[in-house]
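Engineer: the amino acid sequence is not available; the structure is as follows:
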Ligand code: SF4
């Protein structure tokens, strides 16, 4: 096990602990979030463990999350099925509108602990640091400069701090109420390091990993790609039926609004959606409506 990385992660968590309230620990029920849950407890920092249901959660993940003591489970305002009908298109890698409202909601004005790791994706590598701060870009940068904090800008807006020195700590303390502030203590951990840590602390994590699943959250997440979607819908047939039903209602709603549609039925839309490259098809949708 990488003892140095473990020690460092514990130090980071202690360094950025908010003075006035507990951390908001984003717990997905996956292995990375198990690591941060254990680290927060080792660090002895105050934290609320929160799991956001998305309504398309793998049942095994829901049971696993329920088995962890002290987890608060929050429900979204709308189900994924309602969201699909409202947005008028299925969620895709490009139009991943569901993440913001289903998975990443909550914890506003709190310092969050996340299990984000750079090794997971190229986009995460570019947007991840020890601390990530997203707020009004000009204001945040101005404040960082005024407090002489070393920072990097991310391609998607926001700034990254990669030190836990006094300036960074003061800065986080100073501005977290007005920004979205995330502490990512395992940002540079590899997959192997994650599993070694969990084994050492006797955590087997989500049972779906032992069936070969790499993603254990939403069933049919488009971010997993075609193969993973097919595999998941073969395993959880009820979700396939629910998606087809939602696509049927989505098509009906598009017609009611006078929008063109390339699909004649939910089944057809589903077949396209889990096809090889759904993002290649351009969908003529009403921008304004989509942004609602
Ligand atoms: S389905 Fe995928 S993109 Fe949508 S909320 Fe779940 S993880 Fe995010």
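Structural biologist: Thanks, I have the structure now. Predicted, not measured: the structure shown is a model, and the values here were computed from it.

Engineer: domains of this protein?
Structural biologist: Domain segmentation of the chain under automatic domain parsing yields 3-198, 222-282.

Engineer: can the shortest one be found next to the ligand?
Structural biologist: Yes - judged by Cβ under 6 Å from any ligand atom, domain 222-282 and the ligand are in contact via residue 223. Every C-beta, even on glycine, is put in place using the N, C-alpha and C of the backbone.

Engineer: and that domain, average pLDDT?
Structural biologist: Per-region confidence: domain 222-282 scores 90 on mean pLDDT.

Engineer: any idea how far it is from the chain center?
Structural biologist: 22 Å (Cα atoms, centre = their mean, to the nearest Å).

Engineer: highest average neighbour count across the domains of the chain?
Structural biologist: Greatest average neighbour count among the domains of the chain goes to domain 3-198 (a mean of 18), per mean count of other Cβ atoms under 10 Å.

Engineer: quick one: that domain near the ligand?
Structural biologist: Yes - looking at domain 3-198 against the ligand by Cβ under 6 Å from any ligand atom, the contacts come from 54, 91, 96, 98-99, 102-103.

Engineer: first vs last residue of that domain, how far apart are they?
Structural biologist: Start-to-end span of domain 3-198 (Cα to Cα, to the nearest Å) is 13 Å.

Engineer: so what touches stretch 225-239?
Structural biologist: The contact list for stretch 225-239 (Cβ atoms under 8 Å, 6 or more residues apart in numbering) reads 56, 58-59, 213-215, 219-222, 224, 240, 243, 273-277.

Engineer: oops, could you answer that again for stretch 65-83 instead?
Structural biologist: Contact partners of stretch 65-83, identified using Cβ under 8 Å, 6+ apart, comprise 27, 29, 37, 48-56, 86, 91, 97-98, 101-102, 105-106, 218, 242, 245-246, 249.

Engineer: can you check the pLDDT for the nearest residue to residue 6 once chain neighbours are set aside?
Structural biologist: Excluding its sequence neighbours, the residue lying closest to residue 6 (Cβ to Cβ, 6 or more residues apart in numbering) is residue 197, at 6.5 Å. pLDDT for residue 197: 98.
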